[in-house]
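S.K.: Predicted structure and sequence below. I'll ask about it afterward.
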There are 4 protein chains.
Amino acid sequence: MAKKFNFAVKVYYEDTDTGGVVYYANYLKFLERARSEAIYSLGFTNLDLLKYHGVLLIVKSCNIEYKKPAKFEDKLDIVSEISSFTKTSFVMKQSILRNNELISIADIQLVAVDKNGKPSKIPEKLKIALES
Amino acid sequence: MAKKFNFAVKVYYEDTDTGGVVYYANYLKFLERARSEAIYSLGFTNLDLLKYHGVLLIVKSCNIEYKKPAKFEDKLDIVSEISSFTKTSFVMKQSILRNNELISIADIQLVAVDKNGKPSKIPEKLKIALES
Amino acid sequence: MAKKFNFAVKVYYEDTDTGGVVYYANYLKFLERARSEAIYSLGFTNLDLLKYHGVLLIVKSCNIEYKKPAKFEDKLDIVSEISSFTKTSFVMKQSILRNNELISIADIQLVAVDKNGKPSKIPEKLKIALES
Amino acid sequence: MAKKFNFAVKVYYEDTDTGGVVYYANYLKFLERARSEAIYSLGFTNLDLLKYHGVLLIVKSCNIEYKKPAKFEDKLDIVSEISSFTKTSFVMKQSILRNNELISIADIQLVAVDKNGKPSKIPEKLKIALES
């Protein structure tokens, strides 16, 4: 069973738009924060992955559905889990919830690349940590 | 044949991240600007659609693939066209190009909703303008 | 002696630019989050101030000095305190620190306005809470 | 008499917040776009300044007053002019206008730094171009 990562986010003015809801691009910021925190919780940082393992995790595709609008001052929970793996990439399924109501759901494909942007093997230690 | 809308964007500091490329969420800002300009080019504004037609166009889903990174000070072209229609929604296919190189490609599903967020018929005048 | 409010912020990809540092406008987002959290810590929310007291706190001026650049994955502390008060406005002095190093320092003038944007008395309960 | 630089900006969803106006940090994005366009209009780019002259222009301080709120779908004009010079820095006075109404006014201090962040002489060619 896949490991689940939890991350909490609060909606500030910067996240909203004139419609009174979170601007559609800003959910992707929440998702990225949650992914970075997942990496941190496993004992890695993005900077260390680059420095010691020579890889950067970049987003290759994003498929997001907006179910309900999140609003100013909402408290949101983001649940992330890995749904598939290849040698150089993985897909993270990320849900944004308010209490237990589903706000948005996304599949994010991440690829490990080297400094020149070429696909690169996911560092073994990271892969083990993500799967365990 | 579907009408094509063209929009040009320049990459400023605000759009980039420490990786030296456009931050993945910020492409969605470019796409939204292009959609707003498409609306304007047809003689509508988002404010008028709400005021005179009682509808707001909201994003229901976004499916984006990142093919190549866009960089600081790049000049990008966004080509948008409608790929399908229902009574209350439509899908816009949007490509981001640098010269003729494909940077990203996205399918954005937009839904017309009323002030209470309920799906609403796309105003006939807008539908005709989008299709003609 | 003025009450001090503390707030912690982490620097994510979204906050940085191609220079490898936090983009200058994004510090203002951190400052706003810290001010909102100060309000929350006193038992208020921005939405409640509007709903029950008919006021909105808006920024009238911002004077910020950038001393050192904050970087990707930095952990920052924001210390906020009120430095002066009038009936309808107050100035918040906000410092951004990394460990004990000063990153930025700002004076933000906030004005209470009613729904029409006219200056309005700061609600007595909020004023007392901010000063106590 | 100082040279004036003009730049036009439109307010999109991304720029606004739940208050129905432009979010206070986002005006700084408009100002930065206007400064980059001023640089471009003189035949320079930020990338070239770094590559050929070894300097980066960074913001040292920003002093901005918010006079009137800008709103969704507003068309704004930004007028920028240099108000003072030293060997390594200059101050730009930037006004944001809607029609001829003043929305915001800012003094931005910019410093030329080298790759290590040390103050550096403003390239002579750029200085001449900015003053002429």
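M.R.: That came in fine, so what should we check first? Residues are numbered from 1 along each chain as shown, chains lettered A, B, ... in the order given.
S.K.: So which residues on chain A come close to chain B?
M.R.: Within chain A, the positions adjacent to chain B are A:19, A:24-26, A:28-29, A:32, A:56, A:58-66, A:69, A:117 by CB under 8 Å from any CB of the partner chain. No exception for glycine: its C-beta is placed from N, CA and C like everyone else's.
S.K.: The residues you listed in helices, which ones?
M.R.: Counting by DSSP state H, the part of the residues of chain A next to chain B found in helices is A:26, A:28-29, A:32.
S.K.: Excluding covalently adjacent residues, which one is nearest to A:Lys87?
M.R.: Nearest in space to A:Lys87, with sequence neighbours left out and distances taken as CB to CB, 6 or more residues apart in numbering or on different chains, is A:Lys121 at 5.5 Å.
S.K.: other SSEs contacting the helix or strand of chain A with the lowest mean pLDDT?
M.R.: Least confident helix or strand, chain A: helix A:124-131 with a mean of 92, by mean pLDDT, DSSP states H and E. On a contact count with 3 or more CB pairs under 8 Å, 6 or more residues apart in numbering or on different chains; DSSP states H and E, helix A:124-131 meets helix A:46-53, strand A:75-85.
S.K.: Kindly export that helix (C-alpha atoms) in CSV.
M.R.: Taking C-alpha atoms only, helix A:124-131 is exported to CSV below (Å, rounded to 0.1, in the frame of the first residue of the first chain):
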residue,chain,number,x,y,z
GLU,A,124,17.7,4.6,-5.3
LYS,A,125,17.5,6.0,-1.8
LEU,A,126,14.6,8.3,-2.7
LYS,A,127,12.8,5.6,-4.5
ILE,A,128,13.0,3.3,-1.5
ALA,A,129,11.9,6.0,0.8
LEU,A,130,8.9,6.9,-1.4
GLU,A,131,7.8,3.3,-1.7
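S.K.: circling back: could you dump the helices and strands packed on helix A:124-131 to JSON lines with mean neighbour count, distance to chain C and mean pLDDT?
M.R.: Formatted as JSON lines, the helices and strands packed on helix A:124-131 follow (neighbours: other CB atoms under 10 Å in any protein chain shown; distance: least, CB to the nearest CB, whole Å; pLDDT from 0 to 100):
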{"stretch": "helix A:46-53", "mean neighbour count": "15", "distance to chain C": "5", "mean pLDDT": "95"}
{"stretch": "strand A:75-85", "mean neighbour count": "16", "distance to chain C": "11", "mean pLDDT": "96"}
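S.K.: Dump these into JSON lines; add distance to chain D as well.
M.R.: Formatted as JSON lines, these follow (distance: least, CB to the nearest CB, whole Å):
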{"stretch": "helix A:46-53", "distance to chain D": "18"}
{"stretch": "strand A:75-85", "distance to chain D": "15"}
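S.K.: Could you dump those into a markdown table with distance to C:Ser83 added?
M.R.: Shown next, in a markdown table, are those (distance: least, CB to CB, whole Å):
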| stretch | distance to C:Ser83 |
| --- | --- |
| helix A:46-53 | 36 |
| strand A:75-85 | 30 |
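S.K.: May I have the phi/psi pair for the residue nearest in space to the middle of chain A?
M.R.: By CA atoms, centre = their mean, chain A has its centre lying nearest to A:Arg35, at 3.3 Å. Main-chain torsions, A:Arg35, degrees, to the nearest 10: phi -70, psi -40.
S.K.: neighbours of the residue nearest to A:Phe72 when sequence neighbours are not counted, just the number please.
M.R.: Nearest residue to A:Phe72 in three dimensions, chain neighbours excluded: D:Thr18, at 4.5 Å (CB to CB, 6+ apart). As a burial measure, D:Thr18 scores 23 neighbours (other CB atoms under 10 Å in any protein chain shown).
S.K.: my read: the residue nearest to the centre of chain A touches A:Ile108, true?
M.R.: Yes. With contact defined as CB atoms under 8 Å, A:Arg35 counts as touching A:Ile108 (7.3 Å).
S.K.: Correct me if wrong: A:Pro119 contacts A:Gln109.
M.R.: No. Judged on CB under 8 Å, A:Pro119 makes no contact with A:Gln109 at a distance of 11.9 Å.
S.K.: Name the residues contacting each of A:Arg35 and A:Ile108.
M.R.: A:92, A:94 (CB atoms under 8 Å, 6 or more residues apart in numbering or on different chains).
S.K.: list the contacts for the residue nearest to the centre of chain A?
M.R.: For A:Arg35, the contact set (CB under 8 Å, 6+ apart) comprises A:57, A:80, A:92, A:94, A:108, A:110.
S.K.: ok, now how distant is it from chain B?
M.R.: 11 Å (CB to the nearest CB, to the nearest Å).
S.K.: Now do the phi/psi pair for the residue located most distally from the centre of chain A.
M.R.: When distances to the mean C-alpha position of chain A are computed (CA atoms, centre = their mean), the maximum falls on A:Thr18, with 25.9 Å. The phi/psi pair for A:Thr18 (degrees, to the nearest 10) reads phi -60, psi -20.
S.K.: sorry, back to before: buried only: go through the residues of chain A next to chain B for me.
M.R.: A:19, A:24-26, A:28-29, A:32, A:56, A:58-66, A:69 (16 or more other CB atoms under 10 Å in any protein chain shown).
S.K.: Run through the residues that contact the closest residue in space to A:Lys93 that isn't next to it in sequence.
M.R.: Counting by CB to CB, 6+ apart, A:Lys93 lies nearest to A:Ser83, which is 4.6 Å off, once chain neighbours are set aside. Counting by CB under 8 Å, 6+ apart, A:Ser83 touches A:2, A:91-93, A:107.
S.K.: do A:Ile108 as well
M.R.: A:31, A:35, A:59, A:61-63, A:91-92, A:94.
S.K.: Name the residues linked to it by a beta bridge.
M.R.: A:Ile108 has these beta-bridge partners by DSSP bridges: A:Cys62, A:Met92.
S.K.: State the distance from it to C:His53.
M.R.: 41 Å (CB to CB, to the nearest Å).
S.K.: same check, this time on A:Asp77
M.R.: Distance from A:Asp77 to C:His53, by CB to CB: 30 Å.
S.K.: what's the answer for A:Leu49, then?
M.R.: Distance from A:Leu49 to C:His53, by CB to CB: 48 Å.
S.K.: likewise A:Ala106?
M.R.: 38 Å.
S.K.: ok, back up a step: now tabulate the ones in helices among the residues of chain A next to chain B in JSON lines and tack on distance to C:Glu101.
M.R.: Below are these laid out as JSON lines (distance: CB to CB, whole Å):
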{"residue": "A:Asn26", "distance to C:Glu101": "30"}
{"residue": "A:Leu28", "distance to C:Glu101": "31"}
{"residue": "A:Lys29", "distance to C:Glu101": "26"}
{"residue": "A:Glu32", "distance to C:Glu101": "26"}
